[in-house]
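1. what would the 3D arrangement of this be:
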Amino acid sequence: MAEKITVKIRLTSGATVPAYATDGAAGADLVASLPAEVEIAPGSRSLIPTGLFLEIPKGYMGEVRPRSGLALKYGVTVLNAPGTIDADYRGELKVILVNLGTEPFVVRSGDRIAQLVIAGCSQAAFVQNGELSETDRGSGGFGSTGN
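-> Model (predicted):
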């Protein structure tokens, strides 16, 4: 297991600290923090608050990813997956859920709605150059390597 980093958090009243379900889990569960339940109609989306504020160390980012169980059972997923949380963001973490299923989906306070992965990241130094190195793939794009 990789070394643990410290991510400082602040919670609103009733919010839940992200938690890993198992020792080997990459993602910590994010939990809805709602004053009232939210119904997401099929084909609709909703911004779900978590009551969680993060201080992610510089050189890292947070990624908000879907929970596979919600996707399989209900067709509910994170719309902009993975959602990126920059190290300098200090606002509340909110999750955009979309219902791709056929039935309305109800989100209640305390429901596990997504996963949070903390990962290292680098900023690039973009250097303009008229020539790029050649590769076997070249400019082959969508579907160029097979199905």
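2. skipping its backbone neighbours, what lies nearest residue 5 in space?
-> residue 57 (6.0 Å; C-beta to C-beta, 6 or more residues apart in numbering). Every residue, glycine included, has its C-beta placed from N, CA and C.
3. doesn't residue 6 make contact with the one you found?
-> Yes - counting by C-beta atoms under 8 Å, residue 57 touches residue 6, with 7.2 Å between them.
4. the more surrounded of those two?
-> More crowded of residue 57 and residue 6, by other C-beta atoms under 10 Å: residue 57, with 13 against 8.
5. what pLDDT does that one get?
-> What the model reports as pLDDT for residue 57 is 97.
6. for it, what are its contacts?
-> Counting by C-beta atoms under 8 Å, 6 or more residues apart in numbering, residue 57 makes contact with 5, 6, 7, 87.
7. those residues: which two are farthest apart?
-> For the contacts of residue 57, the farthest-apart pair by C-beta to C-beta is 6 and 87; their separation is 12.8 Å.
8. so for stretch 31-51, what gets flagged as buried?
-> Within stretch 31-51, the residues that qualify as buried by neighbour count (16 or more other C-beta atoms under 10 Å) are 31, 32, 33, 34, 38, 40, 45, 46, 48, 49, 50, 51.
9. next: stretch 69-76.
-> 70, 74, 76.
10. among the residues you listed, which are located in helices?
-> Filtering these for membership in helices, criterion DSSP state H, returns 70, 74.
11. look up how far residue 39 lies from the residue nearest to residue 5.
-> Between residue 57 and residue 39 the computed distance is 37 Å (C-beta to C-beta, to the nearest Å).
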